[in-house]
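Enquirer: Compute the structure for the input listed below.
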Amino acid sequence: MTALYLSPSLRQIEARHRDAPLMQRAGAAAAEWAAELVDQRSRPILVLTGPGNNGGDAFEAARLLRESFFDVRLVFAGDPARLPADARAAYQRFVAAGGACHDEIPSESHWSLIIDGLFGIGLTRAPEDRYAAWIATANQLARRDRCPLLALDCPSGLNANTGQRLGLAIEASHTLSFIAAKPGLLTADGPDHCGELRIADLELSPDKELAADGELVCHSDFAPWLKPRPRNSHKGSFGSVGVLGGSKSMVGAALLAGRAALKLGSGRVYLGLLDPDAPAVDAGQPELMFRRAETLLQTDLQALACGPGLGNSGEAVRLLEQALKCPLPIVLDADALNILATDGRLEGNLYNRVAPVILTPHPTEAARLLGCATREVQADRITAARELARRYACHIALKGCGTVIAAVDGRWWLNSTGNPGLATAGTGDVLTGLIAALLAQGWPAEQALLAGVHLHGAAADHLVAHGIGPIGLTAGEIIDAARQVFNGWIER
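Expert: Residues are numbered from 1 along each chain as shown. Down below sits the predicted model:
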């Protein structure tokens, strides 16, 4: 388990260890990684320090690097007397050891490494004036000199809780997170600004002191359900999935969901299509069975996926209302979410259900469900996902960079698999089918959602690792890759 902590929790942990030399430990960890990253010792290291404790970490790292005979140029423009006590002590140790401070970035040098110690986890507004200029210059110099840019704790300009870029932000190639991982490093803008992420626990065990705010999805979250199939099996052993959707011109969405469910092991997959002119067979996947939409809801199913290509017609609304009355685990996506957002009658149907419901919105669908703007969802994805789970009494996967998974009881996870190849039409339909397949095979809703999201991203990563994408990756290619990765998990 990788525990995730928000800033208030980290402040509590730090307060409990106020007598421990945490800043010295942070500086030592930063100096150690910095020394590994430098490959041209003929060039100096640039260290940017800010007015808070993040600057203190940078002072410590700079001092230790100088002691290891690195050429260090440290930039600090604040008033040492106004530094927090620990940071002021770090500054004094740096100066006492012979270190000097520049008040601007030297212009005559090419750099072997740049260290960002400007702002840490407390930043909640855009950097301004001198600091904004330093951030822009640091990014430019790292590109010019093709040198690593190491951020301490959190890239300056990034909200460590939400992953929102607050203005100009450091584009780090490496980030060293102190004590524990922060959620903002793993969702929204975070992954584009953090680069390679390491954690330096500073000799603390936060999970033994304070319950984690959230977790990173990992294999162990669902490993007990990854079981080889008995030889004495038949198609009825692995459940039947129904897919409700496929209105006119949108049949492909339902086909993708159905194919994904089939290739992740459902014994049978039935498609209930709304398009009266839809084909009677999927020539690319003839194992899929077609039903009239009305008939689908009367079929013996173990899980139901609603929404891929459903449309928003009166018939779609009526069928979704009937579907929500079925005593089955249900995955709602795409048009089913849009109908739910606009038809208040349906929301009540969710509260009276015994079987679980999973919603898989992208940010704009989430905004419709919450009655807000997409930018508000993206500004705090974790809060948005948890509010959706509370309001609709459903498990949630808020899709996007660092998909947020929220359970009905308030717990939440971030997913780290996946890449930009998933940013193409139809991949959400594939995810819906993967989750429905696991539900039909008897997985609990929480584990089905965690595994489905993690597998969806892992399949995209598998393809990219084998030279397919990320540019031009298609949703259909995810399906076979997911099957391969999933079987590999079971063979572990």
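
Enquirer: can you pull the buried residues of the lowest-mean-pLDDT helix or strand in the chain?
Expert: Least confident helix or strand of the chain, by mean pLDDT, DSSP states H and E, is helix 344-351 with a mean of 87. Neighbour counts over helix 344-351 (16 or more other C-beta atoms under 10 Å) mark 346, 349, 350 as buried. Where C-beta positions appear, they are placed from N, C-alpha and C, glycine not excepted.

Enquirer: Return the member of those nearest to residue 75.
Expert: Of all those, residue 350 has the smallest distance to residue 75: 54.7 Å, by C-beta to C-beta.

Enquirer: wait, what's in contact with that closest one?
Expert: 324, 357, 392, 393, 394 (C-beta atoms under 8 Å, 6 or more residues apart in numbering).

Enquirer: do residue 349 as well
Expert: 321, 324, 325.

Enquirer: Hmm, residue 346 and the second one touching each other?
Expert: Yes - taking C-beta atoms under 8 Å as the definition, residue 324 is a contact partner of residue 346 at 6.4 Å.

Enquirer: Filter the contacts of residue 349 down to the buried ones.
Expert: Buried, going by 16+ other C-beta under 10 Å: residue 324, out of the contacts of residue 349.

Enquirer: now the contacts of residue 349 as TSV including distance to residue 257?
Expert: Formatted as TSV, the contacts of residue 349 follow (distance: C-beta to C-beta, whole Å):
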residue	distance to residue 257
321	20
324	18
325	21
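
Enquirer: Give me the subset of the contacts of residue 349 that lies in helices.
Expert: 321, 324 (DSSP state H).

Enquirer: Residue 18: which of the contacts of residue 349 is nearest?
Expert: residue 324 (52.7 Å).

Enquirer: What distance do you get for residue 37 to residue 300?
Expert: Using C-beta to C-beta, to the nearest Å, residue 37 is found at 59 Å from residue 300.

Enquirer: which of the two has more neighbours?
Expert: residue 37 (17 against 9; other C-beta atoms under 10 Å).

Enquirer: wait, doesn't the more buried one sit right on residue 150?
Expert: Yes - between residue 37 and residue 150 there is a contact at 6.3 Å, judged by C-beta under 8 Å.

Enquirer: shared neighbours, these two?
Expert: 113, 174.

Enquirer: what sits against residue 393?
Expert: By C-beta under 8 Å, 6+ apart, the contact list for residue 393 reads 350, 351, 357, 408.

Enquirer: and which of the contacts of residue 349 is nearest to residue 89?
Expert: residue 324 (61.3 Å).

Enquirer: doesn't residue 242 fall inside a helix?
Expert: No - Residue 242 is assigned strand when assessed by DSSP: H, G, I helix; E, B strand; the rest coil, not a helix.

Enquirer: Any idea what it is bridged to?
Expert: Beta-bridge pairing of residue 242 under DSSP bridges involves residue 270, residue 304.

Enquirer: right, and residue 468 touches residue 476 too?
Expert: No - between residue 468 and residue 476 there is no contact under C-beta under 8 Å: 11.7 Å.

Enquirer: what pLDDT does residue 209 get?
Expert: pLDDT recorded at residue 209 is 89.

Enquirer: which stretches of the stretch 151-300 of the chain aren't confidently modelled?
Expert: Along the stretch 151-300 of the chain, the model assigns pLDDT under 70 to no residue.

Enquirer: And the helices in it, which stretches?
Expert: Using DSSP state H, counting those that start in this stretch, the helices found in the stretch 151-300 of the chain span residues 190-194, 206-209, 251-263, 293-296.

Enquirer: what would these look like in JSON lines with distance to residue 105 and mean neighbour count?
Expert: Formatted as JSON lines, the helices of the stretch 151-300 of the chain follow (distance: least, C-beta to C-beta, whole Å; neighbours: other C-beta atoms under 10 Å):
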{"stretch": "helix 190-194", "distance to residue 105": "20", "mean neighbour count": "22"}
{"stretch": "helix 206-209", "distance to residue 105": "35", "mean neighbour count": "14"}
{"stretch": "helix 251-263", "distance to residue 105": "51", "mean neighbour count": "28"}
{"stretch": "helix 293-296", "distance to residue 105": "64", "mean neighbour count": "18"}
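
Enquirer: For the least confident helix or strand of the chain, C-alpha coordinates in PDB please.
Expert: This file holds the C-alpha atoms of helix 344-351, laid out as PDB (Å, rounded to 0.1, in the frame of the first residue of the first chain):
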ATOM      1  CA  GLY A 344     -34.000  14.300 -11.000                       C
ATOM      2  CA  ARG A 345     -36.500  11.400 -10.800                       C
ATOM      3  CA  LEU A 346     -33.700   8.900 -11.500                       C
ATOM      4  CA  GLU A 347     -31.500  10.000  -8.700                       C
ATOM      5  CA  GLY A 348     -34.000   8.700  -6.100                       C
ATOM      6  CA  ASN A 349     -33.800   5.200  -7.700                       C
ATOM      7  CA  LEU A 350     -30.100   5.000  -6.700                       C
ATOM      8  CA  TYR A 351     -30.800   5.400  -3.000                       C
END
